[in-house]
Structure formats: C-alpha cells, structure tokens
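> My questions are about this predicted structure, shown below with the sequence.
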Amino acid sequence: MAMKLNPNKNVPEVDGLKNSAIIRKQLNDEESYFHMVMRRFFNHKLAVAGLIVFTLIILVAALAPVISPHDPNKIFGEFEAAPSSTHLLGTDPVGRDVMSRLVYGAQVSISVGIGAVAIYVVIGIVLGLIAGYFGKWADMIIMRITDVFMSFPYFMVILVLVSIIGPSLFNITFVIGLLGWPAIARLVRGSVLSIKEMDYVKAGVALGYSTPKILFQHILPNALAPILVNATFGVASAIIMEASLSFLGMGVRPPAASWGNMLTQAESITVLSSQPWLWIPPGLMILLAVLSINFIGDGLRDAIESQNAK
Amino acid sequence: MLQYIVRRILIAIPVLFGVTVLNFFIINLAPGNPVDMMVNPSATPEQLAMQKHELGLDQPVWAQYWHWLTQLFQGNLGFSYSTREPVTQILVAHIGPTLLLMGVSLIVGYLIAIPLGIICARKQNSWIDYLVTGFSFFGISVPHFFLGLGVIYVFASKLLLFPTGSMNTLGGDGGLIDTISHLVLPVAVLATGIAGNMVRYVRSSMLDVLGKDYLRTAKAKGLSQFIVTNKHALRNSLIPIITVIGIDIPMLIGGAIVTEQVFQWPGLGLLTIQSITSRDYSTLMAINLLAAVTVLFANLLTDILYAVADPRIRYD
C-alpha cells in the first residue's frame, strides 16, 4: 500500500491511474478541511456580520483621504459647532471637523491593532517553536521568561513603558507587540509538544530535512488554527488598549486624530453633557470595531473547534 | 499537597527575581531624569548633582538595583521622588479605595454572571440565552472609559441620581451611604466587563457537563432539577470558572486604571497616572511590583483551588 501512495514509483499504467485517483482524493480531503472551516464560519451569522463591518472599517481607513469631507487638521472658524450640513458631526473645541477626524481615526485603530498583533505573533511563534521542539534548557529558560512577562499586569506595564519611551503611534504598536507574545508562545509550545511526536515529523527528521524546514513547513502549519483565533481576539484587545492609552493622553497625541483621544475632551463636564457629538461617535466606533472583531474571533473558534472535535 | 505548595512557592522565587529585574530596568532605562522634573529650573548644576547624589541616581544602574533590592528585603520601598514621603505610606493610602472598588465589582460581576451562565446553559438557544450572549459580547467589547462616560452622562449629568466622581462628597461626612452612592457607577462599569467575560465560561462549562452520563443518572434516580443543576453539574464545571477567577484576581490591584481616571477614584490607578506624570519612578516600581506579586499569588491560589474543587487532580 505504501508503494501505491508514492506517485514517483515506476508502476504499470493501470496502477498509475489508481494512484492519481488516490492522490486526488487526498487532495480533496485536504481541501475540504479548509472548506469545512470556511463553511462553518460563513454559517455563523454574527461572524459574517462582524466580517462585513470590519471590512468596511478597513476600507474607511484605507480610503480616508477620499471619503473624509475635510482635512482632519484644518481649523474652521466655528468652535464646538453643533452638527450641520457642512459639518455632519459638528466641530471640536479647536474648530476641526469631527467627521473627518473620525474617518482618520480608523487608520490609527486598524494599524495599531494589526501591526501590534503581527509583531507579537511572530515573536510568540519563534519562541514557542524553539521551546516546544528543543525542550530541555531552551524550554526551561523561555518558559520562565514567559512567566515573568505574564506576571506583570499587561495594561499597567504598557502604560508605564509607553510613557517612558514617549507616546506615539509607532511606540504603542511596538510596546504592545513586544509584550503581547507570551500567550502565543505557550499556545505554540503546547501544539509543538504533541505534533513533534507525529509520524510525519519523525519521517521528516529521518529524511534529513533541516530543522527550520521541519519547524516552519511541517509543524507550524498544523499549529496555526489556535494561533489565528488568539490573534483575532488580540487585534480587538490592541484596539481597546490604544484607545485607552490615547484617552489617558499616553497614546496618539493631538493634533493627530485617534478615537481614544477624541474622547479625552469629554472629561470636561460641559463637553460631556452638552456636546455629545464630540464623544459619542468615536466611542461608538471603538465599540463597533471591537465588537465586529470579537464576533469574527468567536465564529473562527467555533468553526475550528467543532472541526477538531469530529 | 503541602509539598506541592512548597515546591510551587520555590518555583515562584526565580520568577519573582526576574520580575524585580525587569521592573527595575524598564523604569530606570528611561531617558527622562526625575531630578530635572522636581527641582526648579534655576538650580545650579552643583545643586542638581547634589540632588542626584542624594537619591543615588549618580551611581551605575546595577548598583542602584542592588541598593533597591536590599532595601526591598528590609521592607523599605524607598521615598517618593516627587513628594518625598515613604512609598509604603503612599501605597497604603491608595490601596484601600482600589480594593474596595475592585472587590465589590468582582463580587457583583460574579453574582450576575454565574446564575445567568447556568440559566443560559439550561435553556440553550432560548431568547434569554441570546440576550445574555449579546450582553456578554457588549461587556467584553466596550471600552471602560466610554461606558464610564456614558453612565456619567445618563445617570449623573442628566438624571442626577449619582455623583460624577471621587469617593466621598467634598466636605461631607464621608459616611457609608455617601461612599455607596459614589461606588454605584464605577462598579456598574467594571462589573459589566467582569460579568461579560465570566458568563461565557460558566455557560460553556455547564453545557459541557450537562451532556455527561452521570447527570442523566442523577436525573434518572429522581433528584430534583435544582440539586442536579446546582450541586452535581455546577461542582463539575468549576475548573474553568476557577481559572477565570484566578486571572481576575490581579485586577484587584491593576484593573481599574482607566475607570479610576474617569471617576477620579482615589486609588492605585489614579496614583499610577499621577506617578507617570510626575516621573515618580520609585512609586511606579512599587506599584508594578505589588501588581506582579499579586499575579504570582493568584496563580498559586488557582492551582491549589483546582485540587480542592476536583479531587481527581493530583500533584506529584
């Protein structure tokens, strides 16, 4: 049987046909794993709704210069003007158009969310692969460092670090990325520990493949599903974190527009009670963005987990 | 069991050491110098140097670390760079309000989440299940500062039911009723997040257990629904719930920074922000260390509670 599965073997014509049928079936099976996850995901109504909303927010961020009614930093004559046809959401205390700032704020949230998670997923994967695959002292050291990083209350350390190296869009992304990896590293390490005992990995070792090839081509693809789910929720939490930091004045700073720093004005009780157009729209945008990503993550988790349970 | 606890504490020691190192170096690699912030701009370079010498800031970083660590072992957290008070004294003054706020929020959050989670699992896919799931998504997604501003807008500014912030009315008697009325809004905000997160775990954990054979047996031998759900099922679904509680405990120290800022609640969160603004590094280090120790302690407690809740878990 093993011979038949090898398409390169020189076998009679009839067997060759049979072989290609077997290979085709295997390919179909493989494809259907992906398809099944996709189908389950797209049957999840909230997840699809989340995907649509999040895609729209990304489009707004990407097309900000085209969509935005005004220059977000242009100062108009009227301060704190109520919503009108020229300024759909009014103007802020400096006289800038709130709608335009809202549109440009999407760029900040999306880039911190995706940028920070991209950084820590890479760090987490590399450290997790090393710890899980090599074991022994490498595992010991990496896991103790993970413990140390996990012992700090996440938001507090990010707040302190950002305030020390200076608040800016790049620094927030960098700091969240630098501190977010421990959960991913643990996840990857756990998957690697079970995957490395699989026959196909042992076969790879026996065939003399290089260690990086085994790690990244044979082990990693089989550990991707839980990473994807974790990373999706991570984007939501990074967006909340940026908004909170900017709200506290330790994030993206004016004049640059961020949904979080637009809410800072509402700490004044006059703005809060008599100019709701200044703070409710950016707050709702944060809620909408985070909610849509959490729905996507939930749908992904359901799709992947029920697949694994079968 | 005792042996396990002792070993867990021994493992926590190197981690704690790593925490002190990371904590110290993160904060002391900062470019800004606290002395520049606190003396008046007209001070001569000699005065500046003397000030730095007084605070030990002219020594190399590792020497400062060693000094800080040895002092730490003697229970001395140093003096605040900005007010010159002992850091311990400052922490003690701010820890009470935060423990009160977070303690009440955690209890309220769990009291909402656990019964709701059980009901959702018993009535899966009913309207109440959908409603609670919707609430839970809202709870985990809404930023605390937005929800905080929202409830201040509605309940304090428009309906005038509760005060907008701080812990006691200025110049008031500071009585219990006064504190409770100040607690309601921030607790509502924090408990929404805590409950929204917890209810998902209770629900899925209960769903898991309700499908088990021994529950069918319990029902078959005629036990009431109440006992089956709340004794047999709940006890067996405790492990994930304990895990979430273990993750939540550190919030007692570091969980309310943003909420405390919105409501001007005089706790550790507000202290953190003040210390950042005034570059009071000795206070910041102490808060960070306190928070990290709480995390380590909570992890240990979680592991012990696992064994209490589920005797099948054995440590060796």
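Noted; the coordinates are in hand. Nothing here was measured: the structure is a model prediction, and the numbers come from that model.

> all helices in the stretch 201-310 of chain A, in order from the N-terminus.
Remark: helices assigned in the stretch 201-310 of chain A by DSSP state H, counting those that start in this stretch are A:211-213, A:220-247, A:259-264, A:269-274, A:280-309.

> list the contacts for residue 255?
All of this is about chain A. Residues in contact with residue A:255 (C-beta atoms under 8 Å, 6 or more residues apart in numbering or on different chains) are A:73, A:96. Every residue, glycine included, has its C-beta placed from N, CA and C.

> my bad, the chain I had in mind was chain B
Contacts were defined as C-beta under 8 Å, 6+ apart; by that measure residue B:255 touches A:153, B:102, B:190, B:248.

> For these, name the two members farthest from one another.
Greatest spatial distance among the contacts of residue B:255 (C-beta to C-beta): A:153 and B:190, at 14.7 Å.

> More neighbours: these two, which one.
residue B:190 (26 against 22; other C-beta atoms under 10 Å in any protein chain shown).

> What residues does the stretch 101-250 of chain B have near chain A?
Residues of the stretch 101-250 of chain B lying near chain A by C-beta under 8 Å from any C-beta of the partner chain: B:137-138, B:140-146, B:149-150, B:152-153, B:157-158, B:164, B:250.

> again, only this time at 7 Å
With C-beta under 7 Å from any C-beta of the partner chain as the criterion, the stretch 101-250 of chain B comes near chain A at residues B:137, B:140-143, B:145-146, B:149, B:152-153, B:157, B:164, B:250.

> a markdown table for those residues, including pLDDT and secondary structure?
Output for these, formatted as a markdown table (pLDDT from 0 to 100; DSSP: H, G, I helix; E, B strand; the rest coil):
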| residue | pLDDT | secondary structure |
| --- | --- | --- |
| B:137 | 91 | helix |
| B:140 | 90 | helix |
| B:141 | 91 | helix |
| B:142 | 92 | coil |
| B:143 | 91 | coil |
| B:145 | 89 | helix |
| B:146 | 91 | helix |
| B:149 | 89 | helix |
| B:152 | 87 | helix |
| B:153 | 87 | helix |
| B:157 | 76 | helix |
| B:164 | 73 | coil |
| B:250 | 80 | coil |
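
> sorry, back to before: may I ask which of the contacts of residue B:255 comes out lowest in pLDDT?
Minimum pLDDT for the contacts of residue B:255 is recorded at residue A:153 (78).

> and that residue, how far is that from chain B?
Counting by C-beta to the nearest C-beta, to the nearest Å, the gap between residue A:153 and chain B amounts to 3 Å.

> Verify the stated contact: that residue with residue B:254.
Yes - at 3.4 Å, residue A:153 counts as touching residue B:254 under the criterion of C-beta atoms under 7 Å.

> Show the contacting residues for residue A:53.
Shown in contact with residue A:53 (C-beta atoms under 7 Å, 6 or more residues apart in numbering or on different chains): A:288, A:292.

> How about the secondary structure of it?
helix (DSSP: H, G, I helix; E, B strand; the rest coil).

> What distance do you get for it to residue A:284?
As judged by C-beta to C-beta, to the nearest Å, residue A:53 and residue A:284 stand 12 Å apart.

> Also residue B:24?
From residue B:24 across to residue A:284, the span is 41 Å (C-beta to C-beta).

> quick one: which of the two has more around it?
residue B:24 (22 against 15).

> give me the number of residues near residue 120?
Unless you meant another one, I'm taking chain A. Using other C-beta under 10 Å, residue A:120 is surrounded by 22 other residues.

> Please refer instead to chain B.
25.

> Done for today, thanks.
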